[in-house]
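> Sequence and predicted model, in that order:
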Amino acid sequence: MRVIILGSAAGGGVPQWNCGCPNCLDARHDARGRMQSSVAVSADGERWILLNASPDLRMQLAAHHELWPRGMRGSPIGSVVLTDGEIDHTLGLLLLRESATRLPVYAPGGVTTLLGDEWPLYRVLSAYAGVEPRTLAEGRSVALADGAGTPLGISCSTTAVARRPPRYARARAPATAAFDVALRLTDERTGGTLGYVPTAGAIDDAVRRVAGGADLLLFDGTFWSDDELTAAGVDAPTAREMGHLPVGGAGGSLELLPRLDAKRVVLVHINNTNPILCRSSAERARVEAAGIVVGEDAMEFEL
Ligand code: MLT
Ligand code: MN
Ligand code: ZN
């Protein structure tokens, strides 16, 4: 399986339009930003699956020749898999509206409901190419397929991770609805496995199941500390309140990730305020000393 990190930043990207933090200032000056959270995977290098559809999708597709159209119209994207219904992971679906055919979108049941109603992307897109919603049932492995039903050579299983519905959701959610899942993808030919967990409120049994024995784990690197935003003077909830286990501090993921049995761990969905983005920071050095990689846009892996 080929894996490309299309965007390594959390919602807002780097620089975020209204942010004057040191990382955003640096990114504006050296024009080295980071795009928002998304990954592309492929079993054959020809047909691709998008994991989340970020607001930067147009630039992300332009940045990788593997994702360019092969003819006058068309796309090598066979399907999209959503881990949640957050704006930074779904807005990009609107940017695929020029498609000639309905786009298959795999998502947990709770997310499919949100996108048909409270954040009505599917209703809006139905006036364009439309979406074919496909539900990812918890714990069951699905062979991902394109719009014609042709298997893409990768199977996917999902595990709910500790998290509430997105901020925009008003309706009371049924207690069983999954709004946020971790993915475990397996290349059916090579057996290569990817754990994809852009949001994790804890390192618990759900995460251990997804990470165990994985060739690569792409993990939630949103915040270094629980009070990162308030300490920067922003009126915002804590990292844990937002459902993101901080990387640093007591009980942070840096202590726990090396104990998960994944062969490689790469942090993704990194917020612009996170000091690990600064190459000379003490926090970056601690991550690297633990054998964990700070993800970058356009990083590629072969599993
Ligand atoms: C998150 O990852 O917590 C969300 O994307 C936050 C947001 O964009 O509102
Ligand atoms: Mn996010
Ligand atoms: Zn910033």
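Received it, and whenever you're ready, just let me know what you need. Numbers count the residues shown, from 1 in each chain. Ligands and ions are numbered 1, 2, ... in the order given.
> So what does D30 look like in phi/psi?
phi -100, psi 10 (degrees, to the nearest 10).
> Give the burial count for it, as a bare number.
Residues lying near D30 (other CB atoms under 10 Å) number 8. (Each C-beta comes from the backbone N, C-alpha and C, glycine too.)
> For the closest residue to ligand 1 within the stretch 51-200 of the chain, which residues are in contact?
The minimum distance from the stretch 51-200 of the chain to ligand 1, using CB to the nearest ligand atom, falls at E86 (3.7 Å). Going by CB atoms under 8 Å, 6 or more residues apart in numbering, E86 touches 11, 166, 199.
> Would you quantify the distance from the first one to ligand 1?
Plainly put, G11 is 3 Å away from ligand 1 if you go by CB to the nearest ligand atom, to the nearest Å.
> who's in contact with L95?
53, 55, 57-58.
> Repeat that for L267.
218-221, 247, 276, 287, 292-295.
> Could you list which of the residues you listed belong to strands?
218-220, 293-294 (DSSP state E).
> filter those to the buried ones?
Among the ones in strands among the contacts of L267, those classed as buried by 16 or more other CB atoms under 10 Å are 218-220, 293-294.
> Now flag whichever of the residues you listed is closest to ligand 2.
Each of those was scored against ligand 2 by CB to the ion, and D220 proved nearest at 9.2 Å.
> isn't the closest one right up against A200?
Yes: assessed by CB atoms under 8 Å, D220 is found in contact with A200 at 4.4 Å.
> any residues in contact with both of the two?
With CB under 8 Å, 6+ apart, D220 and A200 have common neighbours 244-245, 253.
> circling back: among the buried ones among the ones in strands among the contacts of L267, list the two that are farthest apart in space.
D220 and V293 (13.9 Å; CB to CB).
> how much space between G13 and ligand 3?
Distance of G13 to ligand 3, given as CB to the ion, to the nearest Å: 9 Å.
> And for the closest residue to G192 other than its chain neighbours, the neighbour number?
Excluding the flanking residues, the one nearest G192 by CB to CB, 6 or more residues apart in numbering is L303, at 3.0 Å. Counted with other CB under 10 Å, the neighbours of L303 add up to 20.
> again, but for R73
Residues near R73, counting by other CB under 10 Å, number 9.
> So the residue nearest to G192 sits against R189, correct?
No: using CB under 8 Å, L303 and R189 do not qualify as a contacting pair, with a distance of 11.0 Å.
> joint contacts of these two?
By CB under 8 Å, 6+ apart, no residue touches both L303 and R189.
> Throw the buried ones among the ones in strands among the contacts of L267 into JSON lines and include distance to ligand 1 and pLDDT, thanks.
Shown next, in JSON lines, are those (distance: CB to the nearest ligand atom, whole Å; pLDDT from 0 to 100):
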{"residue": "L218", "distance to ligand 1": "14", "pLDDT": "98"}
{"residue": "F219", "distance to ligand 1": "13", "pLDDT": "98"}
{"residue": "D220", "distance to ligand 1": "8", "pLDDT": "98"}
{"residue": "V293", "distance to ligand 1": "20", "pLDDT": "98"}
{"residue": "V294", "distance to ligand 1": "18", "pLDDT": "98"}
